[in-house]
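Undergrad: 3D, please:
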Amino acid sequence: MLSGILFAVLVVAGCGIMIGLILGYANIKLHVDVDEKEAAILGVLPGNNCGGCGYPGCSGCAAAIAKGEAAVNQCPVGGAAVAAEISEIMGVEAESAGRMVAYVHCGGDCEKAQQQYDYSGAEDCRVIDQLPGQGPKTCTYGCLGGGSCVSVCQFDAIHIQNGIAVVDKENCKACKKCMEICPRHLIDLVPYEAVVSVRCKSQDPGQKVNKYCTSGCIACRICEKNCPSEAIKVEGNVAVIDQDKCTHCGLCASKCPKKAIELIG
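TA: Okay, the predicted model is just below:
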């Protein structure tokens, strides 16, 4: 009886020793050195894993920065504060980059945009865009109001107001999720300090735009002719602002007969 118990103890102990040896060998053989800078950078990144940096999550961003493949201010969510911490870890000066925020290029809300029919169904712009006539709005370039952009925003920075998406620039982190999901590509990034932006992306001739939207750009070129810094041009029947040239005078917005250029400062 006693010998049986002793044998069992020896077997268990032997198995334990064997497993320990195997695990120890595997740890040595499969060990991967951790880059201390990468770990430190990952520790200061916000951890949203939004992909706005262009890398697969915060770990991918941290690895790229540590290798020198990405800038210390690569994370749009962390902003200047996180960039400063990362620059200290990397032993370099923080690169200056102005804050960017999302902007929806559509002013065709429920009062201004003509409707083809009433819609009741899935609140998803990608679904709505496949409906007859490309959705209930006559304009096939405008915001569909389904809120797909709202559903992907982690920062409560975009909401549907009166039938169109509107960005709260104070909450926006420029992660680009709303840009990626919009089926009509109405959202892009503008400088936080921008004062004016065009609320339209219609490529239709002005005469046609006049029929379906009271705030759509009609390509009259009045803004282009009055801009003192040549920062606004009509391209493809719609005004486009070069924010790098814009001096924030607001003249284009005041001269626009359709109020398709919005003061956003």
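
Undergrad: okay, CA-based contacts and neighbour counts for the rest of this
TA: OK.

Undergrad: Skipping adjacent residues, who's closest to I128 in space?
TA: Among residues not flanking I128 along the chain, G135 sits closest, at 5.3 Å (CA to CA, 6 or more residues apart in numbering).

Undergrad: Domain-wise, how is this structure divided?
TA: For the chain, automatic domain parsing gives the domain ranges 36-90, 98-192, 194-265.

Undergrad: how near is R184 to V104?
TA: R184 is 11 Å from V104, where distance means CA to CA, to the nearest Å.

Undergrad: More neighbours: those two, which one.
TA: Comparing R184 with V104 by other CA atoms under 10 Å, the one with more neighbours is V104, at 26 against 17.

Undergrad: Can you pull the phi/psi pair for the more buried one?
TA: With angles defined as degrees, to the nearest 10, V104 sits at phi -100, psi 120.

Undergrad: Quick one, grab the pLDDT at the residue nearest to it when sequence neighbours are not counted.
TA: Once flanking residues are discounted, V104 sits nearest to I187: 4.5 Å by CA to CA, 6+ apart. Looking at I187, its pLDDT stands at 97.

Undergrad: So which residues of this protein form strands?
TA: Ranges of strands in the chain, per DSSP state E, are 100-104, 158-161, 164-167, 187-191, 196-198, 232-235, 238-241, 261-263.

Undergrad: residues in contact with the residue sitting nearest the centre point of the chain?
TA: Nearest to the mean C-alpha position of the chain, by CA atoms, centre = their mean, lies K176 at 1.3 Å. Contact analysis of K176 by CA atoms under 8 Å, 6 or more residues apart in numbering lists G52, A102, D188.

Undergrad: out of the residues you listed, which one sits closest to C125?
TA: Using CA to CA, D188 comes nearest to C125 of the contacts of K176, at 16.7 Å.

Undergrad: wait, the closest one sits on M100?
TA: No. Using CA atoms under 8 Å, D188 makes no contact with M100, being 9.6 Å away.

Undergrad: hey, which helix or strand in the protein has the poorest pLDDT?
TA: Within the chain, no helix or strand scores below helix 2-29, which has a mean of 67 by mean pLDDT, DSSP states H and E.

Undergrad: L263 pairs with what?
TA: V196 (DSSP bridges).

Undergrad: Check the spacing between it and D35 real quick.
TA: Distance of L263 to D35, computed by CA to CA: 47 Å.

Undergrad: neighbour-wise, which of the two wins?
TA: Comparing L263 with D35 by other CA under 10 Å, the one with more neighbours is L263, at 18 against 12.

Undergrad: Run through the residues that contact the more buried one.
TA: V195, V196, S197, G250, A253.

Undergrad: can you do 10 Å?
TA: Shown in contact with L263 (CA atoms under 10 Å, 6 or more residues apart in numbering): A194, V195, V196, S197, V198, R199, H248, G250, L251, C252, A253, S254.

Undergrad: can you redo the residues you listed as JSON lines with distance to C227 and neighbour count?
TA: Output for these, formatted as JSON lines (distance: CA to CA, whole Å; neighbours: other CA atoms under 10 Å):
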{"residue": "A194", "distance to C227": "15", "neighbour count": "17"}
{"residue": "V195", "distance to C227": "14", "neighbour count": "18"}
{"residue": "V196", "distance to C227": "12", "neighbour count": "22"}
{"residue": "S197", "distance to C227": "13", "neighbour count": "25"}
{"residue": "V198", "distance to C227": "14", "neighbour count": "25"}
{"residue": "R199", "distance to C227": "17", "neighbour count": "25"}
{"residue": "H248", "distance to C227": "10", "neighbour count": "16"}
{"residue": "G250", "distance to C227": "9", "neighbour count": "18"}
{"residue": "L251", "distance to C227": "7", "neighbour count": "16"}
{"residue": "C252", "distance to C227": "6", "neighbour count": "28"}
{"residue": "A253", "distance to C227": "10", "neighbour count": "19"}
{"residue": "S254", "distance to C227": "11", "neighbour count": "14"}
